[in-house]
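Visitor: Need a 3D model of the sequence below.
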Amino acid sequence: MTAKLIHSMVRVIDEEKSTKFYEQAFGLEIFERFDFDDFVLIYLKNRHSNFELELTVNKSQTDPYDLGNGYGHIAVVVDDVEAEHQRLTKLNLNPQNLVEFNSHPTLKAKFFFVTDPDGYKIEVLQKMGRFQ
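Guide: Numbers count the residues shown, from 1 in each chain. This is a model prediction of the structure:
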């Protein structure tokens, strides 16, 4: 059996704020939206991948979620990480500093993190090496 990753889910408080963040930051658009009595499921993706980010809005949740210490991050790759860092900075999305991982003399990764409105970390990596 071969498994294929199809989506990752995060719980969010404010649908509009979250969908706007993911659209501005990563070009993810609403592909499907399902409104149930107690919750809403929103599937986001873009033309570059069939992998989806599922946003779950629990209608009774008003306090921020406790992310605990188990959540790591979602990662995306871009052609020009420095240009993306500048673009997100201009959008006031507050990306963290650019970082380089070197295994001298080879650059292994160049990246930064940005945080969504609910506190989830997203790693933005330069397309290179194993990150394609």
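
Visitor: What distance separates the opening and closing residues of stretch 10-30?
Guide: Stretch 10-30 stretches 15 Å from its first residue to its last (CA to CA, to the nearest Å).

Visitor: Could you give me the buried positions within that stretch?
Guide: By 16 or more other CB atoms under 10 Å, the buried positions in stretch 10-30 come out as Val10, Arg11, Val12, Glu15, Ser18, Thr19, Phe21, Tyr22, Ala25, Phe26, Leu28. Where you see a C-beta, it was placed from the backbone N, CA and C, and this is true even at glycine.

Visitor: Next one: the last one from Val76, what distance?
Guide: Read it as Leu28. For Leu28, the distance to Val76 (CB to CB, to the nearest Å) stands at 9 Å.

Visitor: roughly how far is the helix or strand bottoming out on mean pLDDT in the chain from the heart of the chain?
Guide: When each helix and strand of the chain is scored by mean pLDDT, DSSP states H and E, strand 99-103 comes last, with a mean of 88. Once both centres are worked out by CA atoms, centre = their mean, to the nearest Å, strand 99-103 turns out to sit 22 Å from its chain's centre.

Visitor: what about dumping the CA coordinates of the helix or strand just after it to PDB?
Guide: Sequence-wise, the next helix or strand downstream of strand 99-103 (DSSP states H and E) is strand 106-115. Below are the C-alpha coordinates for strand 106-115, written out as PDB (Å, rounded to 0.1, in the frame of the first residue of the first chain):
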ATOM      1  CA  THR A 106      27.200  23.400   1.400                       C
ATOM      2  CA  LEU A 107      24.100  25.400   2.000                       C
ATOM      3  CA  LYS A 108      21.500  22.900   3.200                       C
ATOM      4  CA  ALA A 109      18.500  25.200   3.600                       C
ATOM      5  CA  LYS A 110      17.500  28.900   3.600                       C
ATOM      6  CA  PHE A 111      14.200  29.700   5.300                       C
ATOM      7  CA  PHE A 112      12.100  31.800   7.600                       C
ATOM      8  CA  PHE A 113       9.000  31.300   9.700                       C
ATOM      9  CA  VAL A 114       5.800  33.300   9.700                       C
ATOM     10  CA  THR A 115       2.900  32.900  12.200                       C
END
